[in-house]
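J.: fold the following for me, if possible:
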Amino acid sequence: MAHLSRRDFLENSLLTSAAAALAGSVPQLVRAQGEAADKNSILRVAVLGVNGRGQDHLNGFMRRKDCEVVAVCDPDEQVGQKKGVEVVEKATGKAPVYHKDLRRVMEDKSIDIVSIATPNHWHSLAAIWALQAGKDVYVEKPVSHNVQEGRRVFDAARKYNRICQTGTQSRSMPGTREFMEFLHSGGIGAITLARGLCYKNRPSIGARGTYAVPESVDYDLWCGPAPTAPLSRPRFHYDWHWQWDYGNGDLGNQGIHQMDLARWGLGKSDVGVSVLSYGGRFGYTDAGETANTQVSFHDYGDKLLVFEVRGLPSEAYKGAGVGVIFEGADGYAVMPSYSGGVIFDKAGNQVKKFSGEADHYDNFIKAVGSRRISDLNADILEGHLSSALCHLGNISYRLGEVVDAAEVAKRLGSLKSSGPAGEALETFSRVEAHLKASNVDVGSAKMTCGPLLQLDPVAEVFTGELSQKANPLLTREYRKGFEVPATAEKV
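T.: Numbers count the residues shown, from 1 in each chain. Below is the predicted model:
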């Protein structure tokens, strides 16, 4: 199949746009899913990481008439071949090239788009390398493993004038967009509180120990920016989410979706003025390091964002288990899904409902064709800000002190910025009830209570007396050859 180079594709797009504008209408340059595509407008896609979420990336691009998955990359050769090459060949009749090292993808000048579904610790560096190589990028959530590297992805996207979409697909759902428009227009009055919920059962991942890395895995490449520490969890894939070197717990795994929706609904475009987080890993002792029960408070001065993670079985709250609740002066709104929500009056009566789905990849491809960042529903800046909130909550938690539940309640009660109607204590009482229902002895159990950390929301750094301890956690030590740029000038 003939391939139009990226430069020719963009030049043709500009020329076609100009001619159409003179004629009074601008055509859709990149065709919607299902429409016939001219062989010269096919966008060549490489998918990085094809185990788990990467399967959706493959399907998202393979089913399109204007894209071709020409390369797959995974440091686990068995996964790369079985879940990558063979899947694509079966679906399209043409086998993509397999790479173990993603740097080979960046070197391939014929590739237009890099779609990233690697573990979290690789997201930012892979995105930056792709942007530097002149490719457009679709990067999964969270877009970063820490705050600073997420900002560097944004810097790179703007410096190299690339299209960079975040994998928070709710932003492309018509039902969600209409729901947000209703909130922003004052549909439930002034909103003072957004509560993100990630009530998702997460059982033990098994005993901590020393385990053999699968023979099919190039462990040095898999670790990349992270330390090459001995494997300490029984299951190699997926369970990295619960270890700090690679993942961000459920706050940065599932929770990032709801964190993004909560911030969007509040209408906030920064990381707030302070953060505090507390919780623990209850119900079992295993190889996991992240909290399975966690609450984070993000203070915006006039509004509060509260996020709750529950990894033990839990009942829904106001109809949502994995979702978001907004409290307004004239009622409240509940998002129990990715694609819409329900509006209630103050008495709890349903007054309006929004629903509707769409294709997030379609939005990305349209922006690739138009070259307009404004066409993206989930630009990298939105992804960075919401990912950063998750990381900031984890920083407070990781700097916390292990104390008993009574001491946590005492500290929360002394907060001057605890939110409307003593929100911190009300939330804590529900956490205690949840743990008791999960057969956790709250009276003797120990919790990690993080400090209240002050923030400069513009510079995205901590201020105050704890800043010297907290600011180093905005980034990490990188292995040689896998360094994420520390400044915008170096991206």
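J.: break the protein into its domains for me.
T.: Residue ranges of the domains in the chain are recorded as 6-171, 173-202+241-353+384-464, according to automatic domain parsing.
J.: including mean pLDDT and mean neighbour count, could those go into CSV?
T.: To be clear about C-beta, it is placed using only N, CA and C from the backbone, and glycine gets the same treatment. As requested, those are exported to CSV (pLDDT from 0 to 100; neighbours: other Cβ atoms under 10 Å):
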stretch, mean pLDDT, mean neighbour count
domain 6-171, 85, 20
domain 173-202+241-353+384-464, 96, 20
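J.: same list (those) but as JSON lines, adding distance to Glu215.
T.: Written out in JSON lines, the entries for the domains of the chain read as follows (distance: least, Cβ to Cβ, whole Å):
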{"stretch": "domain 6-171", "distance to Glu215": "9"}
{"stretch": "domain 173-202+241-353+384-464", "distance to Glu215": "20"}
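J.: closest to Ile373 out of these?
T.: If you check each of the domains of the chain against Ile373 by Cβ to Cβ, domain 6-171 wins as the nearest, at 6.9 Å.
J.: returning to what we had before: of the domains of the chain, which is nearest His360?
T.: The closest of the domains of the chain to His360 is domain 6-171. By Cβ to Cβ, the value is 3.8 Å.
J.: of all the domains of the chain, which one is nearest Val491?
T.: Closest approach to Val491 among these (Cβ to Cβ): domain 6-171, 4.0 Å.
J.: how about the strands of the stretch 51-200 of the chain, start to end?
T.: Counting by DSSP state E, counting those that start in this stretch, one finds strands in the stretch 51-200 of the chain at the ranges 67-73, 97-99, 113-116, 136-139, 164-166, 191-199.
J.: nearest to Ile380, of the ones you listed?
T.: Nearest to Ile380 among the strands of the stretch 51-200 of the chain is strand 164-166 (4.0 Å), distances taken as Cβ to Cβ.
J.: that closest one: how far from the chain's middle?
T.: The chain centroid and the centroid of strand 164-166 are separated by 11 Å under Cα atoms, centre = their mean, to the nearest Å.
J.: could you name the helices and strands sitting against it?
T.: Using 3 or more Cβ pairs under 8 Å, 6 or more residues apart in numbering; DSSP states H and E as the contact criterion, the secondary-structure elements in contact with strand 164-166 are strand 136-139, helix 147-159, helix 360-370, helix 380-398.
J.: just how off-centre is the third one within its chain?
T.: The reference is to helix 360-370. Helix 360-370 sits 19 Å away from the centroid of its parent chain (Cα atoms, centre = their mean).
J.: tell me the mean pLDDT for that helix?
T.: Taken as a whole, helix 360-370 carries a mean pLDDT of 98.
J.: for it, packing partners?
T.: Looks like helix 360-370 contacts helix 53-62, strand 136-139, strand 164-166 (3+ Cβ pairs under 8 Å, 6+ apart).
J.: angle of it against strand 67-73?
T.: Interaxial angle, helix 360-370 versus strand 67-73 (axes from the mean of the first three to the mean of the last three Cα atoms, to 10 degrees): 110 degrees.
J.: between helix 53-62 and helix 360-370, find me the angle.
T.: For helix 360-370 and helix 53-62, the angle between their directions (the same axes, to 10 degrees) works out to 50 degrees.
J.: numbering from 5 from now on, please.
T.: Got it, first residue is 5 now, which makes that one helix 364-374.
J.: what's the distance between Arg166 and Val151?
T.: Computed as Cβ to Cβ, to the nearest Å, the Arg166 to Val151 distance reads 21 Å.
J.: ok, Pro317 next?
T.: Computed as Cβ to Cβ, the Pro317 to Val151 distance reads 32 Å.
J.: what lies in contact with stretch 236-243?
T.: For stretch 236-243, the external contacting residues (Cβ atoms under 8 Å, 6 or more residues apart in numbering) are 55-56, 80, 83, 209-215, 217-218, 221, 244, 246-247, 291-292.
J.: ok, stretch 208-221 next?
T.: For stretch 208-221, the external contacting residues (Cβ under 8 Å, 6+ apart) are 79-83, 223, 234-240, 243, 246, 287-292.
J.: again, 10 Å this time
T.: Residues from elsewhere that reach stretch 208-221 (Cβ atoms under 10 Å, 6 or more residues apart in numbering): 78-86, 104, 223, 226-227, 232, 234-247, 285, 287-293, 296, 315.
J.: with adjacent residues omitted, what lies nearest to Thr294?
T.: Nearest residue to Thr294, sequence neighbours excluded (Cβ to Cβ, 6 or more residues apart in numbering): Gly253, at 3.0 Å.
J.: can you pull the contacts of that neighbour?
T.: 202, 206, 245-247, 259, 283, 285, 292-296, 298, 313, 315, 394, 397-398, 401.
J.: out of those, list just those in strands.
T.: When DSSP state E is applied, the contacts of Gly253 are split such that 202, 283, 298, 313 fall in strands.
J.: ok, the last one - contacts?
T.: The contact partners of Val313, by Cβ under 10 Å, 6+ apart, come to 200-204, 206, 253-259, 262, 281, 283, 294-300, 394, 397.
J.: partners of it in the sheet?
T.: Going by DSSP bridges, Val313 is paired in beta bridges with Cys202, Gln298.
J.: how close does it sit to Leu419?
T.: Between Val313 and Leu419 the computed distance is 20 Å (Cβ to Cβ).
J.: excluding chain neighbours, what is closest to Glu72?
T.: Ile46 (5.2 Å).
J.: could the helices and strands packed on strand 168-170 be laid out in a markdown table, adding distance to Arg175?
T.: Below are the helices and strands packed on strand 168-170 laid out as a markdown table (distance: least, Cβ to Cβ, whole Å):
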| stretch | distance to Arg175 |
| --- | --- |
| strand 140-143 | 13 |
| helix 151-163 | 16 |
| helix 364-374 | 7 |
| helix 384-402 | 7 |
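J.: out of these, the one nearest Gly325 is which?
T.: It is, among the helices and strands packed on strand 168-170 and with distance given as Cβ to Cβ, helix 384-402, at 18.5 Å.
J.: what packs against the helix or strand just after the closest one?
T.: With elements assigned by DSSP states H and E, the helix or strand that comes after helix 384-402 is strand 405-408. Under the contact criterion of 3 or more Cβ pairs under 10 Å, 6 or more residues apart in numbering; DSSP states H and E, strand 405-408 touches strand 278-284, helix 409-417, strand 450-453.
J.: and for strand 405-408, what's in contact with it?
T.: The contact list for strand 405-408, computed with Cβ under 10 Å, 6+ apart, reads 282, 284, 411-412, 414-415, 446-455.
J.: got the strands of the stretch 55-204 of the chain as a markdown table, with distance to Ile369 columns?
T.: Formatted as a markdown table, the strands of the stretch 55-204 of the chain follow (distance: least, Cβ to Cβ, whole Å):
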| stretch | distance to Ile369 |
| --- | --- |
| strand 71-77 | 7 |
| strand 101-103 | 21 |
| strand 117-120 | 8 |
| strand 140-143 | 9 |
| strand 168-170 | 9 |
| strand 195-203 | 29 |
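J.: so which of those gets nearest Pro476?
T.: Shortest separation from Pro476 across the strands of the stretch 55-204 of the chain is recorded for strand 140-143, at 24.7 Å, computed as Cβ to Cβ.
J.: so what are the sheet partners of the closest one and their directions?
T.: strand 117-120 (parallel), strand 168-170 (parallel).
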